[in-house]
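Colleague: Just need the structure, nothing else, for what follows:
(chains A, B, C and D)
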Protein chains: 2
Amino acid sequence: MATLAEIAKKAGVSSAVVSRIVNNDTSLRVSEETRSRVKAIVREMNYAPNVAAQSLRSSKSGTIAFVVHDVANPVYGEILRGAQEEAERQNRAILLGDAAVGGVSNSRLAQMIGGGGVDGLILQAAGLQADNMIFKAADKNIPVVLLQSAFGTDGHLIQLPDTEAARMATQHLWDLGHRKIGCLATTEGLTFTRDRLRGWRDVVGADVDDSLIVFSSPLAVEGEAAALKLFARHPDMTAMVCFNVIAAVGALRAARARGISVPEELSIISIHDVKFAGDLWVPLTVVRMPLSTLGEAAIKAVCKTEPAGRMREVVDAHPTLVLRASTCPPQR
Amino acid sequence: MATLAEIAKKAGVSSAVVSRIVNNDTSLRVSEETRSRVKAIVREMNYAPNVAAQSLRSSKSGTIAFVVHDVANPVYGEILRGAQEEAERQNRAILLGDAAVGGVSNSRLAQMIGGGGVDGLILQAAGLQADNMIFKAADKNIPVVLLQSAFGTDGHLIQLPDTEAARMATQHLWDLGHRKIGCLATTEGLTFTRDRLRGWRDVVGADVDDSLIVFSSPLAVEGEAAALKLFARHPDMTAMVCFNVIAAVGALRAARARGISVPEELSIISIHDVKFAGDLWVPLTVVRMPLSTLGEAAIKAVCKTEPAGRMREVVDAHPTLVLRASTCPPQR
DNA sequence: CGGCATTGGTAAAGCGTTTTACCAAAGGCG
DNA sequence: CGCCTTTGGTAAAACGCTTTACCAATGCCG
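Modeller: Residues are numbered from 1 along each chain as shown, chains lettered A, B, ... in the order given. Below is the predicted model of the structure:
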């Protein structure tokens, strides 16, 4: 690895000159001959500036930590993809964290967050204990952006139009004629869960029976269990809103297990689309939101938010209804 | 952000002492009283060592670059998940790269790879130009691990038992009685594509008609197009091996579009399992391989490989046949 | 009481950049 | 010829940490 000093010696100049040439410092006055000689040597020796030294000097790492829950979940994959694209534009690299993986608290990632190794932190669907650790590590020193769910009152929260999406999904069922509409919600207490519940209530009525709500993490097995619970409670339920596609897949399994035909006996609509939603056993009708836009917005925000800033932002994008085959008017 | 020097001043000792206490340097002889006083101040001031400085001093970043193609692809998601877990154990953080995102060549990630900002590089090569750029950036200075596909003759290649998996898949069809078995392969020229083709040939015969092979990237649309091509060429084909699940989903779409029933008129088997494979329109029979183990192995390897080392390694894991509903004996 | 070992530390270099402040030499002008 | 300006740079500090080599004071032994 060539260093600035080596280049400088070879070119017979000081390392300051080399640095300033490499960085296109316009305030440097240097002869055209020297400049091109230095440039040639830089290229020839394949010089690349040492990022640790740059980072130490400038207190900027060019890196952003992005902590999700379960990388393997395609929904998060989409968000990450959008984040990647924006990070590229902002010339930042993304340090990936998975809060589902044990011991995040004293992981290298946490060390980096606490030790100035990242310029910002994006925390998705905060709510777990691990999130707390990570959040604390940031300790008011770097901008923190919370995705989809707030963490107490701190940080910069970015959301999708969750209430609107849930309202749209529920309204679709209502318009088809359904009146007993269950709700397979996401994890209890998260901001977007609360917002979507509000959207659901806007349609079914504020005085609705709360036993129509059941919570589930975004895993198919959990969604299945939750759906079964709902079937048991309300055998006369004719439709269901799922706040998560993966949980909706679980609901589909539950319906099949109970011999309930979808959509004839039970209509299912879900929030968020994934690529395979139309290839499922019953192609899922969904309300789609631009997940990659959310990732993009997160990076944008983290690049210009102040440390310890707090605000709330809803991505400017309209949910769209994607009609497939999992909903129809009630048959009984 | 507290620094070592600040702590030292407050404790009335030199920063060397603080550093050595923080790092549990056993060769340091210090009074118990001083030690606990320093420790108390460290905690109180919430000290976290500056990672840039550590990195500069030690020439180790504690970071590994992991470059995949398309984070949103669930197959890569699984690999990443395994990598995350192992990275946690090795106390390393993962810098995520997506080679599908434009301009990787002069991205921050590439700068970090070239500038000592990562301790190793894991590259899931797909024959893209971007791969080349990234690979070159590493420039013999850090260990490079290639996943699933080699890059010329350099680097440390890690694979799954691809030939065996393809053989197993094809054999399953053969045993059911199929004799005209198409092959929807992955991108041409990649190591694992070649290996799987070998497995396929092992069963169908080395002298088989090459027009039974069609290549596709791991996208459903591409898989669909490729499958249609195959249908047109060989209307009498009764079974198909897909080297990628996502492409297999495309094949399913193609069959539906052509009114070909699966599995009665066409059996489909795929390599690699994903969580929703059993929830598809036709539940896919697959040969499963441990994707997360591959991710794990990659991290392990990159942590102990020499820079510029080269070798080839096959993950020690046996593919297993997962029977679902997309295969049956030929009906004609 | 002189010499030696132990205790409890310290000083300083060095990792590679960036940046501010400074400066010698040459040329131009009166 | 003396002074000023421009050209073409340079010197050195600072970022925060780690580590090697060194050392003063004290206690102990003979």
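Colleague: what's near enough to touch the closest residue to residue A:320 other than its chain neighbours?
Modeller: Leaving aside its sequence neighbours, residue A:320 sits nearest to residue A:288 (Cβ to Cβ, 6 or more residues apart in numbering or on different chains; 5.2 Å). Bear in mind the C-beta positions are built from the backbone N, C-alpha and C, glycine included. Residue A:288 makes contact with A:272, A:273, A:319, A:320, A:321, A:322, according to Cβ atoms under 8 Å, 6 or more residues apart in numbering or on different chains.
Colleague: ok, 6 Å please
Modeller: For residue A:288, the contact set (Cβ atoms under 6 Å, 6 or more residues apart in numbering or on different chains) comprises A:273, A:320, A:322.
Colleague: Give me the subset of those lying in strands.
Modeller: Per DSSP state E, strands hold the following members of the contacts of residue A:288: A:320, A:322.
Colleague: If we only consider the contacts of residue A:288, which is nearest to residue B:214?
Modeller: Distances from the contacts of residue A:288 to residue B:214 were compared by Cβ to Cβ; the smallest belongs to residue A:273, at 28.5 Å.
Colleague: Buried residues, the lowest-mean-pLDDT helix or strand in chain A. List them.
Modeller: Every helix and strand of chain A was ranked by mean pLDDT, DSSP states H and E. The lowest is helix A:129-138, at a mean of 77. For helix A:129-138, the neighbour count (16 or more other Cβ atoms under 10 Å in any protein chain shown) marks A:130, A:131, A:133, A:134, A:135, A:137, A:138 as buried.
Colleague: give the contact list for the closest residue to residue A:170 other than its chain neighbours.
Modeller: Among residues not flanking residue A:170 along the chain, residue A:203 sits closest, at 3.9 Å (Cβ to Cβ, 6+ apart). By Cβ under 6 Å, 6+ apart, the residues touching residue A:203 are A:167, A:170, A:171, A:174.
Colleague: possible to save the residues you listed as a markdown table with pLDDT, distance to residue B:111 and neighbour count?
Modeller: Formatted as a markdown table, those follow (pLDDT from 0 to 100; distance: Cβ to Cβ, whole Å; neighbours: other Cβ atoms under 10 Å in any protein chain shown):
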| residue | pLDDT | distance to residue B:111 | neighbour count |
| --- | --- | --- | --- |
| A:167 | 98 | 45 | 22 |
| A:170 | 98 | 48 | 24 |
| A:171 | 98 | 49 | 17 |
| A:174 | 98 | 53 | 15 |
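Colleague: picking up where we left off before, quick check: the residue nearest to residue A:320 vs residue A:317, distance?
Modeller: With the distance defined as Cβ to Cβ, to the nearest Å, residue A:288 ends up 10 Å from residue A:317.
Colleague: Name the spans of the stretch 101-250 of chain A whose pLDDT lies under the cut-off.
Modeller: A:101-106 (pLDDT under 70).
Colleague: just so I have it, where are all the helices in it?
Modeller: For the stretch 101-250 of chain A, the helices defined by DSSP state H, counting those that start in this stretch occupy A:108-114, A:129-138, A:162-176, A:191-204, A:220-233, A:245-258.
Colleague: So for DNA strand D, which of these sits nearest?
Modeller: When the helices of the stretch 101-250 of chain A are compared by Cβ to the nearest atom of the strand, helix A:108-114 sits nearest DNA strand D, at 10.6 Å.
Colleague: The closest one close to chain B?
Modeller: Yes - against chain B, helix A:108-114 shows contacts by Cβ under 6 Å from any Cβ of the partner chain at A:108, A:109, A:112, A:114.
Colleague: And the strands in chain A, which stretches?
Modeller: A:63-68, A:93-98, A:120-124, A:144-147, A:156-159, A:181-185, A:213-215, A:239-242, A:267-271, A:285-288, A:311-314, A:320-322.
Colleague: So which of those strands is the most surrounded?
Modeller: Most buried of the strands of chain A, by mean neighbour count (mean count of other Cβ atoms under 10 Å in any protein chain shown): strand A:239-242, with a mean of 30.
Colleague: on contacts alone, who are the packing partners of it?
Modeller: helix A:162-176, strand A:181-185, strand A:267-271 (3 or more Cβ pairs under 6 Å, 6 or more residues apart in numbering or on different chains; DSSP states H and E).
Colleague: any chance of these in CSV, plus distance to residue B:95?
Modeller: Shown next, in CSV, are these (distance: least, Cβ to Cβ, whole Å):
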stretch, distance to residue B:95
helix A:162-176, 31
strand A:181-185, 35
strand A:267-271, 31
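Colleague: shouldn't residue A:108 be in contact with residue B:62?
Modeller: Yes - Residue A:108 is within contact range of residue B:62, at 4.9 Å (criterion: Cβ atoms under 6 Å).
Colleague: So between those two, which is more surrounded?
Modeller: Set side by side, residue A:108 and residue B:62 show more neighbours around residue A:108, with 24 against 21, by other Cβ atoms under 10 Å in any protein chain shown.
Colleague: mind checking how far that one is from residue A:20?
Modeller: With distances taken as Cβ to Cβ, residue A:108 is found 34 Å from residue A:20.
Colleague: next one: residue A:202
Modeller: To residue A:20, residue A:202 is 60 Å away according to Cβ to Cβ.
Colleague: go on, residue A:62?
Modeller: With distances taken as Cβ to Cβ, residue A:62 is found 20 Å from residue A:20.
Colleague: cool, residue A:269 as well?
Modeller: 60 Å.
Colleague: same deal with residue A:261?
Modeller: Taken as Cβ to Cβ, the span from residue A:261 to residue A:20 is 73 Å.
Colleague: Excluding chain neighbours, what is closest to residue A:208?
Modeller: Counting by Cβ to Cβ, 6+ apart, residue A:208 lies nearest to residue A:201, which is 6.3 Å off, once chain neighbours are set aside.
Colleague: just residue A:306 next, same as before
Modeller: With sequence-adjacent residues excluded and distances taken as Cβ to Cβ, 6+ apart, residue A:306 is closest to residue A:143, at 6.3 Å.
Colleague: ditto for residue A:262
Modeller: Closest to residue A:262 by Cβ to Cβ, 6+ apart is residue A:282, at 4.7 Å.
Colleague: need the contact list for residue A:35.
Modeller: Per Cβ under 6 Å, 6+ apart, neighbours of residue A:35: residue A:21.
Colleague: Tell me the residues of chain A that contact DNA strand C?
Modeller: Counting by Cβ under 7 Å from any atom of the strand, the residues of chain A close to DNA strand C are A:1-5, A:15-16, A:19-20, A:22-23, A:25, A:47, A:49-50, A:53-54, A:56-58.
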